[in-house]
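1. next come a sequence and a model predicted from it.
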Amino acid sequence: MALSEAKHDSESLIQSMFASRYCQESLPKFRLPEKPIPKEAAYQIISDELMLDGNPRLNLASFVTTWMEPECDKLMMTAMNKNYVDMDEYPITTELQNRCVNIIASMYHAPLHEGEQAIGVGTVGSSEAIMLAGLAFKRKWQNKRKAEGKPYDKPNIVTGSNVQVCWEKFARYFEVDLKEVKLREGYYVMDPRKAVEMVDENTICVAAILGSTYNGEFEDVKLLNDLLMEKNKQTQWETPIHVDAASGGFIAPFLYPELEWDFRLPLVRSINVSGHKYGLVYAGVGWVVWRTKQDLPEELIFHINYLGADQPTFTINFSKGASQIIAQYYQLIRLGFEGYKRIMENCSANAKLLRDSLSDSGRFIILSKEIGVPLVAFSLKDNRKHDEYEISEHLKRFGWIVPAYTMAPDAQHITLLRVVVREDFNRTLAERLVRDILRVLQELDAMPPKAGGAKVADHGHATRHKVAAHHHVATKPPRRMQGTKSIC
């Protein structure tokens, strides 16, 4: 009988990944490795490094959804390999997108006749949605000016200085002058009266925010509409309104149904909303809807046929996954009006608990409003020894990510903290966060002040102590928030 001796690679006999050479050798980080590594090793190396990220559910800086039901997770995983733009190949996905557009337009009281389809599109977020809406306004204004034989090279848009940075991107990328209404002490959103005063014949639209990034407050779209209608009547202009409802578009219909901010107002011609915020879908989906077909110039719509059939498209992005579209449709039919209403009521109740607890501590001034996005924006009454940035930094020890930032111009002397209350931030977590904030305050009280001192927040409740060059203000521009880059 022939005898054979099996030869084994000694490393292949080692079952523990952490005993392999792949966990001992450093991989190149900024160039492609020369040789492949086992899939198990690649997974373990990346998984280990990702452990150093923060916990998404404790990231109270972000408005973006961090939890969905397992059934929806399964649907999303099933559709991961679908390119949404291939409409001819995936007609059902396209149909689901159209259903979402019509449901959202109906929520916003679009004046649709029986059997009429709503005009809108899914996007990768509200940033893309705002770019598309802005382009539509610019093109309509240009076409009107050309027809009248007037100059059309200096369009502008009127907003508050509290707008999300995507509005600045739109203005810069597409050469539109951004005219900002500055904030003032105690009034942290766009003043409709000042906004209308800034409107001129070159204004393509006024952008109102339903849920300010800074303090969650809804701007008064109804008053803006009434004032602008009067000005349009006097000047014979036709200046319209766009509502950036990125955060508030899935809140107002359920908590404040009587609030007039949408297509019930005649000058509101388009609305954007983030499905990945209070639409309750993971990051990567937004929506923009227009009042009528006439509000979206036909020349902005492209028609392609190289994917198998004639397909109209009006997007900045082309290829994108279908998962988020499917997830949005799941949430809309799964929850319905009553389900969304209950979730938003829970968020609002937990925000109230947090707001009342912080106010009762006697250490903070609340800068957010009860009517608005369910968040709590708050500032120290006295920050001569320690400031909001220190609170933010110390809370990280407990796992919390709470941003500290300055208000928009001209209220940037005010520093505040913000906690966004999402669906998965329950009462137990809210109570624990309050305890941790108070614990941090006790620890800071026992510590000497930081070198250079701090300043006293001026909210009409404390005497202002100005510091010539306060290091936090000097190094942090107003639109940057410590611990977060605001996602639209």
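-> That came through, no problem.
2. all helices for the protein, in order.
-> According to DSSP state H, the chain carries its helices in the segments 39-50, 70-78, 91-107, 126-148, 165-173, 192-198, 221-235, 252-255, 323-360, 388-395, 427-445, 471-475.
3. in a markdown table, list those along with mean pLDDT, mean neighbour count and distance to V281.
-> Placement of C-beta: from N, CA and C, glycine included. Putting these into a markdown table (pLDDT from 0 to 100; neighbours: other CB atoms under 10 Å; distance: least, CB to CB, whole Å) gives the following:
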| stretch | mean pLDDT | mean neighbour count | distance to V281 |
| --- | --- | --- | --- |
| helix 39-50 | 92 | 11 | 22 |
| helix 70-78 | 97 | 13 | 8 |
| helix 91-107 | 95 | 19 | 10 |
| helix 126-148 | 97 | 20 | 13 |
| helix 165-173 | 96 | 17 | 18 |
| helix 192-198 | 98 | 17 | 31 |
| helix 221-235 | 98 | 17 | 25 |
| helix 252-255 | 98 | 22 | 16 |
| helix 323-360 | 98 | 19 | 5 |
| helix 388-395 | 97 | 21 | 27 |
| helix 427-445 | 97 | 16 | 21 |
| helix 471-475 | 32 | 14 | 35 |
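4. out of those helices, the one nearest E114 is which?
-> Comparing the helices of the chain against E114 with CB to CB, the closest turns out to be helix 91-107 (12.4 Å).
5. coming back round to it: columns distance to Y22 on top of the helices of the chain, output as TSV?
-> Shown next, in TSV, are the helices of the chain (distance: least, CB to CB, whole Å):
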stretch	distance to Y22
helix 39-50	4
helix 70-78	27
helix 91-107	39
helix 126-148	39
helix 165-173	41
helix 192-198	59
helix 221-235	57
helix 252-255	51
helix 323-360	31
helix 388-395	35
helix 427-445	38
helix 471-475	40
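6. nearest to L296, of these?
-> Between L296 and the helices of the chain, the shortest separation by CB to CB is 5.2 Å, and it involves helix 126-148.
7. mind giving me the packing neighbours of that closest one?
-> Here helix 126-148 touches strand 119-123, helix 165-173, strand 203-209, strand 241-244, strand 268-274, strand 286-290, going by 3 or more CB pairs under 8 Å, 6 or more residues apart in numbering; DSSP states H and E.
8. need the ones you listed in TSV with distance to K222, can you?
-> Written out in TSV, the entries for these read as follows (distance: least, CB to CB, whole Å):
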stretch	distance to K222
strand 119-123	23
helix 165-173	21
strand 203-209	10
strand 241-244	11
strand 268-274	10
strand 286-290	19
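9. out of the ones you listed, the one nearest G134 is which?
-> For those, proximity to G134 was assessed by CB to CB; helix 165-173 is nearest, at 4.6 Å.
10. what about that closest one, distance to the chain center?
-> The chain centroid and the centroid of helix 165-173 are separated by 15 Å, computed with CA atoms, centre = their mean, to the nearest Å.
11. same check on stretch 329-349?
-> Counting by CA atoms, centre = their mean, stretch 329-349 comes out at 19 Å from the chain centroid.
12. stretch 203-211 now?
-> 16 Å.
13. repeat that for stretch 102-116.
-> Averaging C-alpha positions (CA atoms, centre = their mean) puts stretch 102-116 24 Å from its chain's average.
14. can you pull the contacts of Y188?
-> N162, S212, Y214, N215, E217, L367, M407, A408, A411 (CB atoms under 8 Å, 6 or more residues apart in numbering).
15. go again using 10 Å as the cut-off
-> For Y188, the contacting residues are 160-162, 212, 214-217, 367-369, 377, 407-408, 411, 414, 416, by CB atoms under 10 Å, 6 or more residues apart in numbering.
16. so which of those residues belong to strands?
-> Filtering the contacts of Y188 for membership in strands, criterion DSSP state E, returns G160, A377, L416.
17. now render the residues you listed as TSV, adding distance to A129.
-> As requested, the ones in strands among the contacts of Y188 are exported to TSV (distance: CB to CB, whole Å):
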residue	distance to A129
G160	18
A377	25
L416	27
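18. which one of those residues is nearest P91?
-> Closest approach between the ones in strands among the contacts of Y188 and P91, by CB to CB: G160, at 41.7 Å.
19. can I assume that closest one is in contact with E180?
-> Yes: distance between G160 and E180: 6.6 Å, which falls inside the contact criterion (CB atoms under 10 Å).
20. thinking again about what came up before, and of the ones in strands among the contacts of Y188, the nearest to L300?
-> Within the set of the ones in strands among the contacts of Y188, G160 lies nearest L300; the separation is 26.5 Å, counting by CB to CB.
21. now do that closest one against L335, distance only.
-> Separation of G160 from L335 (CB to CB, to the nearest Å): 31 Å.
22. cool, and P312?
-> 30 Å.
23. need the nearest residue in space to N346, chain neighbours excluded.
-> Nearest residue to N346 in three dimensions, chain neighbours excluded: E423, at 7.5 Å (CB to CB, 6 or more residues apart in numbering).
24. wait, the one you found touches S348, no?
-> No: E423 lies out of contact with S348 (CB under 10 Å); the separation is 11.6 Å.
25. so what sits against both of those two?
-> With contacts defined as CB under 10 Å, 6+ apart, the residues shared by E423 and S348 are P374.
26. give me the nearest residue to A136, chain neighbours excluded.
-> Residue nearest to A136 in three dimensions, not counting chain neighbours: L296, with 5.2 Å by CB to CB, 6+ apart.
27. next up, phi/psi of that neighbour, please.
-> Backbone geometry at L296, expressed as degrees, to the nearest 10, gives phi -120, psi 100.
28. go ahead and confirm it touches F314.
-> Yes: applying CB under 10 Å as the test, L296 and F314 come out as touching, 7.1 Å apart.
29. neighbour count for these two, which is higher?
-> L296 (25 against 18; other CB atoms under 10 Å).
30. tell me the pLDDT of that one.
-> On pLDDT, L296 comes in at 96.
31. wait, what's in contact with it?
-> Counting by CB under 10 Å, 6+ apart, L296 has contacts 119-121, 132-133, 135-136, 139-140, 269-270, 288-290, 314.
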